[in-house]
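Colleague: Just need the structure, nothing else, for what follows:
(one chain, ligands or ions: 1)
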Amino acid sequence: MDVFETLLEQNPATRTIKVVDMHTSGEPTRIVVKGYPELEGSTLLEKRRYAREKHDDIRQRLMREPRGHGEMYGAILLRDTELTRSGEADIGVLFCHNEGYSTMCGHATIALGRFLIDTHDLDVFPRRNNLKHDEETSLTELRLHAPCGVVHLSVYTDDSHSDATRLVSFLGVPSFVTARDLQVDIPPAVQWKRLRDAQRNRVTVDIAYGGAFYALVSAKELGFPAGVRARDGATVAEFDEATAALKSILSPRKGLFGHPTEPDLEYLYSIMVVEETLKGELGLCFFADQQIDRSPCGSCVMARVALAVERDRLKIGEGCEYESVVSLLYEGNGFRGTAIEKTSEGLIVKVEGRAFYTGSASFVVEEHDVMPSGFTVALPN
Ligand SMILES: O=C(O)[C@H]1NCC[C@@H]1O
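Modeller: Residues are numbered from 1 along each chain as shown. Purely as a prediction, here's the structure:
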């Protein structure tokens with residue numbers, strides 16, 4: 001028995017939460033595997049509300065220092081949802097981040113694709129053995145019930161384990177555009193330096209949904225003509241200031257974030273600063289409370305492909321390479337987004353990427369710990 005196990009035995013008040021950590025293009029996913037309490041509610045969205053109201057201390061503990069960090073991302077597995085019960089999904093998930101619980105996450109979905117194939121612990125994934133596997137293609141199909149709906153994954157599987165050398169792909173929920181070339185006036189009180197320097201007070205944005213709502217804006221529009229890659233002396237903090245200001249102006253405009261069926265999905269999740277590259281598109285994604293996505297952001301890839309199809313830049317069957325400022329540094333580490341099919345509810349987009357394991361951990365809070373929910377520190381730049 002190691003020191004940690006002895007400690008747990010001596011201190012029964014300590015609740016252990018077990019996690020498996022992965023990264024997708026550099027963006028972390030902390031998969032909560034054991035120890036999370038059962039959530040009340042008959043639907044996944046009711047459970048999401050219950051998690052927010054009753055167990056947010058656990059999210060904070062796992063996402064924030066000293067057990068996590070300001071850019072941590074989480075996935076809480078739900079074995080029982082209305083769609084696992086009806087047979088439409090194999091397992092459910094809640095996604096979480098520095099501020100709360102998101103409605104969709106592409107990078108975590110890609111990580112879960114591998115993890116859920118690899119786990120053979122039926123307490124973790126009771127329907128693991130019911131998954132459809134095609135011997136000819138070596139693909140295993142997995143239906144993940146996310147807050148935005150069911151996401152269909154395909155994972156290369158070798159001797160019942162995921163194949164780390166192959167891309168994981170998923171088909172997302174229908175994606176659509178709610179505003180194109182929207183002119184947004186920026187009031188003087190929230191104008192940022194680069195916008196003032198450019199003597200502008202208006203920016204043009206597009207709003208699109210890919211399981212969550214994104215505002216897509218070019219760096220140039222924000223007053224950064226060199227873009228997110230070259231930046232030409234502009235700091236990430238300046239992009240942070242500009243995107244936070246833009247989000248504060250757009251968020252109250254509820255009409256831009258209308259979802260056909262689900263009010264819980266109707267909010268602006270992120271501002272994605274985009275730039276075209278020779279091979280495709282680059283993006284710097286600020287989401288939740290100004291967290292920066294290290295990955296190209298899978299749900300935003302869905303939104304961007306929907307926009308590209310509407311603009312006639314992509315046709316059905318065509319795809320594009322999407323990079324983040326991190327993934328760009330590593331060959332073959334970005335995402336590919338492909339327009340698959342138009343439906344009456346929106347465009348079905350396929351997203352492909354790669355995820356890797358980074359470790360596992362057991363987290364506890366001792367009875368006398370003075371900071372059980374962890375903390376965040378805003379350090380000066
Ligand atoms: O890949 C994605 O969709 C996510 N990554 C972090 C922010 C988004 O939810």
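Colleague: And the contacts of the helix or strand bottoming out on mean pLDDT in the chain?
Modeller: Least confident helix or strand of the chain, by mean pLDDT, DSSP states H and E, is helix 3-10 with a mean of 73. By CB atoms under 8 Å, 6 or more residues apart in numbering, the surrounding residues in contact with helix 3-10 are Met1, Thr14, Thr16, Ser362, Val364. Placement of C-beta: from N, CA and C, glycine included.
Colleague: For the third one, grab the count of nearby residues.
Modeller: Think Thr16. Neighbour count of Thr16, defined by other CB atoms under 10 Å: 14.
Colleague: Isn't it up against Ala361?
Modeller: No. The criterion here is CB atoms under 8 Å, and Thr16 misses it with Ala361 at 9.9 Å.
Colleague: Ile31: which element?
Modeller: Secondary structure from DSSP states H and E places Ile31 in strand 27-34.
Colleague: so what secondary structure elements neighbour that strand?
Modeller: Taking 3 or more CB pairs under 8 Å, 6 or more residues apart in numbering; DSSP states H and E as contact, the helices and strands that strand 27-34 lies on are strand 17-24, helix 56-63, strand 74-78, helix 106-118.
Colleague: Check this protein for its longest helix and report it.
Modeller: Criterion DSSP state H: the longest helix present in the chain is helix 236-250.
Colleague: can you pull the buried residues of it?
Modeller: Buried residues in helix 236-250, defined by neighbour count with 16 or more other CB atoms under 10 Å: Glu238, Phe239, Asp240, Glu241, Ala242, Thr243, Ala245, Leu246, Lys247, Ile249, Leu250.
Colleague: now do stretch 162-169
Modeller: Neighbour-count burial for stretch 162-169 flags Ser162, Asp163, Arg166, Leu167, Val168, Ser169 (criterion: 16+ other CB under 10 Å).
Colleague: Is Asp163 in contact with Leu139, as I believe?
Modeller: No. With contact defined as CB under 8 Å, Asp163 does not count as touching Leu139 (9.9 Å).
Colleague: tell me, what's touching those two both at once?
Modeller: Counting by CB under 8 Å, 6+ apart, the contacts common to Asp163 and Leu139 are Val155, Tyr156, Thr157.
Colleague: okay if I get these as JSON lines plus pLDDT and secondary structure?
Modeller: Compiled in JSON lines, these are given as follows (pLDDT from 0 to 100; DSSP: H, G, I helix; E, B strand; the rest coil):
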{"residue": "Val155", "pLDDT": "98", "secondary structure": "strand"}
{"residue": "Tyr156", "pLDDT": "98", "secondary structure": "strand"}
{"residue": "Thr157", "pLDDT": "97", "secondary structure": "strand"}
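Colleague: about what we covered before: make TSV out of the helices and strands packed on strand 27-34 and add distance to Glu275, mean neighbour count and mean pLDDT.
Modeller: Listed next are the helices and strands packed on strand 27-34 as TSV, based on distance: least, CB to CB, whole Å; neighbours: other CB atoms under 10 Å; pLDDT from 0 to 100:
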stretch	distance to Glu275	mean neighbour count	mean pLDDT
strand 17-24	21	22	97
helix 56-63	29	21	97
strand 74-78	29	24	98
helix 106-118	19	27	98
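Colleague: Would you format those as TSV with distance to Gly92 included?
Modeller: Shown next, in TSV, are the helices and strands packed on strand 27-34 (distance: least, CB to CB, whole Å):
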stretch	distance to Gly92
strand 17-24	17
helix 56-63	16
strand 74-78	4
helix 106-118	11
